[in-house]
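In: Quick one, structure for this:
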Amino acid sequence: MSKKSKFLKTETRDEQNSGSVSEAALSNVLEDNIREYGMSVIEDRMIPSIRDGLKPVQRRLLKTMYDLKAWNTNPTVKSARVTGDCMGKYHAHSDSYGALGGLVNQTYSLVQGQGNWGSLDDDPAASRYTECRFSKLGQHCFESYSVAEEIPNFTGEYMEPIDIPMDFPLFFVNGGKGIGVAVRFETPDHNLEEVVNALKIVLKKGEKTKMEDLFKVFHGPDSVYGGKLLTSKEELKEIYETGTGKISYECDYTIEPQGRDRYLLTVTGYCPGFKPSTFQNAMIKLMAEKYVLDANDASTKEDQCNFQVVYQGEETFEKKIHKNLICSQNVQYYALDRRRSTNPELRDVDTVLLQKSLIEYMRIWLDWRREQEGKLLDIRAKEIDDKMFHVECRMCAAENLKVIQAALNADDAVSHLMNNLPYLMGHPRAREGAEYILDLKIGSIKKTDMQKMRLEFGELDQELQRIKKDKSDIDRVVARKLDSLKEFFKPRMLKVT
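Out: Coordinates of the predicted model:
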């Protein structure tokens, strides 16, 4: 739902001179309005949330797929349907197909694509040709949606989540980019197994965690296409402590002599930032200068990293080619802290722009997970308590059939049960219990298996005790959820020295 901006200013009339403009200087109006625009870009477009790791358009696309029931076990949905519904219901700014392609092609993808979704050099086919649905991971991330905090969409007709309450540390594993007014965001991909192990260290040590502790299990950026990390461990520690810095990579390659001063270079792993098309253009220029004899992108769907270059002269590689196999990334670790607004008349969500160390980001994320797991335990405890109440109502009804029969003949059956059925007399949920019993068929009450009911009650009580135990040690629950992510682990592909 749109709210009036707290920054936006318009022209006003002076009380004494209706023909003059307000005393506010034009420069101040422009400054405030540009600030408003800049904050809008930062909050609504470019920076992901520290909690679910999603930008607004990504979150809205996933909510649209949730509405469409595009589950991993259901048939795929036409991409144009997803982006069209998203624009009409949640994200009116523009078509979101580019963002949908990003969700499909992420290292840990929440969306499974069908059709041509592009490559390192090529864009996806048009939305009318492609289809999608949740990946197994994407569906997993919606298992806890019952505790999501929602706000009205831009028209007030639908509800969208402030954050998707997923137990998957998406912010830390999937890198991203974004450019706004005076702010640039860029983070690398990381390995899920290493991130999970690092989070468990922070969960255990809390404020005492040092970067050295993390680097026992965490080795910096990762890349699905391979390559080698050139930046030293000490440099990485400083980058992750300050939230900014430069990381350098190198592609994997082999060199084989071909005779007559000729050599075959085969690029077997593409480091972050490497584009085969850019590399090929560089090789074409070297061909014109007679250093390179042939350049061929031999990659296939099965072998995605295979670029072959034939060059002459032993020194050609180091002097002319090697620099094209080295890439760098300027890391800027920004995130948004999104919460329900304390002033709903002005805006629905309060946001704070964060730039913190990796450990501090992990602590914020873990605090959020503790909160979400507590809510989930409360919901489950309420469900079990309701089931136990209904079991006791059913057993009491089965043991007092005459009271039930008398209630059916009374003018007010509910009141009769509330006042005459032993279990309900004086019970705070007496009316609810009476209505539940009256909804049952008398025949099913007569056939109640008391031994089975007692066994079910005992199992429910045991589960309730386990929930209470978990609630008293919520960190154990968070750690257990992190361990459950093992099915999504992938081997590290980017080599570290």
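In: the longest helix in this protein is where?
Out: As assigned by DSSP state H, the longest helix anywhere in the chain is helix 358-399.
In: helices or strands up against the helix or strand just after that helix?
Out: Next helix or strand after helix 358-399 toward the C-terminus (DSSP states H and E): helix 401-409. Helix 401-409 is packed against helix 413-420, helix 430-439, helix 442-446, with contacts defined by 3 or more C-beta pairs under 8 Å, 6 or more residues apart in numbering; DSSP states H and E. For the C-beta atoms, the positions are set from N, CA and C on the backbone; glycine is no exception.
In: what residue ranges in the stretch 301-450 of the chain score low on pLDDT?
Out: Judged against pLDDT under 70, the stretch 301-450 of the chain has no low-scoring part.
In: State the distance from the residue nearest to Leu325 when sequence neighbours are not counted to Cys305.
Out: Take Leu325 and drop its neighbours on the chain: the residue closest to it by C-beta to C-beta, 6 or more residues apart in numbering is Cys251, 4.2 Å away. Going from Cys251 to Cys305 by C-beta to C-beta, to the nearest Å gives 8 Å.
In: now Asn105
Out: Distance, Asn105 to Cys305, by C-beta to C-beta: 16 Å.
In: When the two are compared, which one has more neighbours?
Out: Neighbours were counted for Asn105 and for Cys305 using other C-beta atoms under 10 Å; Cys305 has more, 23 against 16.
In: For that one, which three-state class applies?
Out: Following DSSP: H, G, I helix; E, B strand; the rest coil, Cys305 is assigned to coil.
In: Pro257 too?
Out: strand.
In: Excluding chain neighbours, what is closest to it?
Out: Leaving aside its chain neighbours, Pro257 sits nearest to Tyr263 (5.8 Å; criterion: C-beta to C-beta, 6+ apart).
In: Quick check: that neighbour is in a strand.
Out: Yes: the assignment for Tyr263 (three-state DSSP) places it in a strand.
In: can you pull the contacts of it?
Out: Ile255, Glu256, Pro257, Val310, Tyr311, Gln312, Glu314, Thr316, Phe317 (C-beta atoms under 8 Å, 6 or more residues apart in numbering).
In: Who is it paired with across the strands?
Out: Under DSSP bridges, the beta-bridge partners of Tyr263 are Pro257, Tyr311.
In: Same check on Ile151?
Out: Beta bridges link Ile151 to Glu160, judged by DSSP bridges.
In: So it versus Lys63, what's the distance?
Out: Distance from Ile151 to Lys63, counting by C-beta to C-beta: 11 Å.
In: try Arg454
Out: 44 Å.
In: The two: who's more crowded?
Out: Neighbour tally, Arg454 and Lys63, criterion other C-beta under 10 Å: the higher count belongs to Lys63, 25 against 12.
In: The more buried one touches Pro161, doesn't it?
Out: Yes: counting by C-beta atoms under 8 Å, Lys63 touches Pro161, with 6.3 Å between them.
In: List the contacts of Arg51.
Out: Contact analysis of Arg51 by C-beta under 8 Å, 6+ apart lists Asp163, Pro165, Phe171, Arg338, Trp365, Trp368.
In: my guess is Leu482 meets Lys200, correct?
Out: Yes: counting by C-beta under 8 Å, Lys200 is a contact partner of Leu482 at 6.0 Å.
In: neighbour count winner among those two?
Out: Applying other C-beta under 10 Å to Leu482 and Lys200 shows that Leu482 carries more neighbours, namely 20 against 17.
In: hang on, the more buried one is in a strand, isn't it?
Out: No: going by three-state DSSP, the assignment for Leu482 is helix, not a strand.
In: distance of it from Phe488?
Out: Computed with C-beta to C-beta, the distance linking Leu482 and Phe488 is 11 Å.
In: Closest to the centroid, which residue in the protein?
Out: Asp52 (3.8 Å; C-alpha atoms, centre = their mean).
In: Could you look up the SS state of that one?
Out: Put simply, Asp52 is coil when judged by three-state DSSP.
In: Could you export the helices and strands packed on helix 401-409 as TSV, including distance to Val195?
Out: Converted to TSV, the helices and strands packed on helix 401-409 look like this (distance: least, C-beta to C-beta, whole Å):
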stretch	distance to Val195
helix 413-420	55
helix 430-439	45
helix 442-446	51
